[in-house]
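A.B. asks: Below are the sequence and a predicted model for it; my questions follow.
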Amino acid sequence: MPEEKRTTERKRDTYGKKPYRRNQRGGYPRKRACFFCVKKIKGIDYKDINLLKRYMTDRGKILPRMVTNTCARHQRFLSRAIKRARFMGLVPYIEK
């Protein structure tokens, strides 16, 4: 009787990350691109209140990257611009 090969290799551990799941049509979801990278916007101005309001909740909190689909670099620029606008009084800290 031939000896069976035992594979000691396991599937790669994802280190706590959830694997991509298929959507209802059978394909895998595509990561949405960063708005600022697509438009090739170099810097985010704290005086552009309409742009900043898109990335804030109605209560005045900064939305996270998972919700806004911005890259890490532009999320840092965005949060810095929102904080500057708050300090200058252009955007409120909290809304009641």
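C.D. replies: That came through fine.
A.B. asks: contacting residues around stretch 38-50?
C.D. replies: With C-beta atoms under 8 Å, 6 or more residues apart in numbering as the contact definition, stretch 38-50 has outside contacts at 36, 51-52, 74, 77-78, 80-82, 84-85, 88, 90-91. (C-beta placed from N, C-alpha, C; glycine too.)
A.B. asks: what about dumping the CA coordinates of it to CSV?
C.D. replies: Listed next in CSV are the C-alpha coordinates belonging to stretch 38-50 (Å, rounded to 0.1, in the frame of the first residue of the first chain):
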residue,chain,number,x,y,z
VAL,A,38,-8.4,60.4,-9.5
LYS,A,39,-8.9,64.2,-9.8
LYS,A,40,-5.1,64.7,-9.2
ILE,A,41,-5.7,67.3,-6.5
LYS,A,42,-2.4,68.1,-4.8
GLY,A,43,-3.5,69.8,-1.6
ILE,A,44,-6.8,70.2,0.2
ASP,A,45,-7.6,73.8,1.2
TYR,A,46,-9.2,74.4,4.6
LYS,A,47,-11.3,77.3,3.1
ASP,A,48,-13.2,75.0,0.7
ILE,A,49,-16.0,74.3,3.1
ASN,A,50,-18.3,72.5,0.6
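A.B. asks: Now do the same contact list for C71.
C.D. replies: Taking C-beta under 8 Å, 6+ apart as the contact definition, C71 lies against 34, 36-37, 65.
A.B. asks: and if we set it to 6 Å?
C.D. replies: Taking C-beta atoms under 6 Å, 6 or more residues apart in numbering, we find C71 in contact with 34, 37.
A.B. asks: May I have the phi/psi pair for it?
C.D. replies: When read as degrees, to the nearest 10, the backbone of C71 gives phi -70, psi 170.
A.B. asks: Would you mind measuring from it to G89?
C.D. replies: If you measure C71 against G89 using C-beta to C-beta, to the nearest Å, the figure is 29 Å.
A.B. asks: what pLDDT does the residue nearest to R65 when sequence neighbours are not counted get?
C.D. replies: Among residues not flanking R65 along the chain, Q75 sits closest, at 4.9 Å (C-beta to C-beta, 6 or more residues apart in numbering). pLDDT, the model's per-residue confidence, is 94 for Q75.
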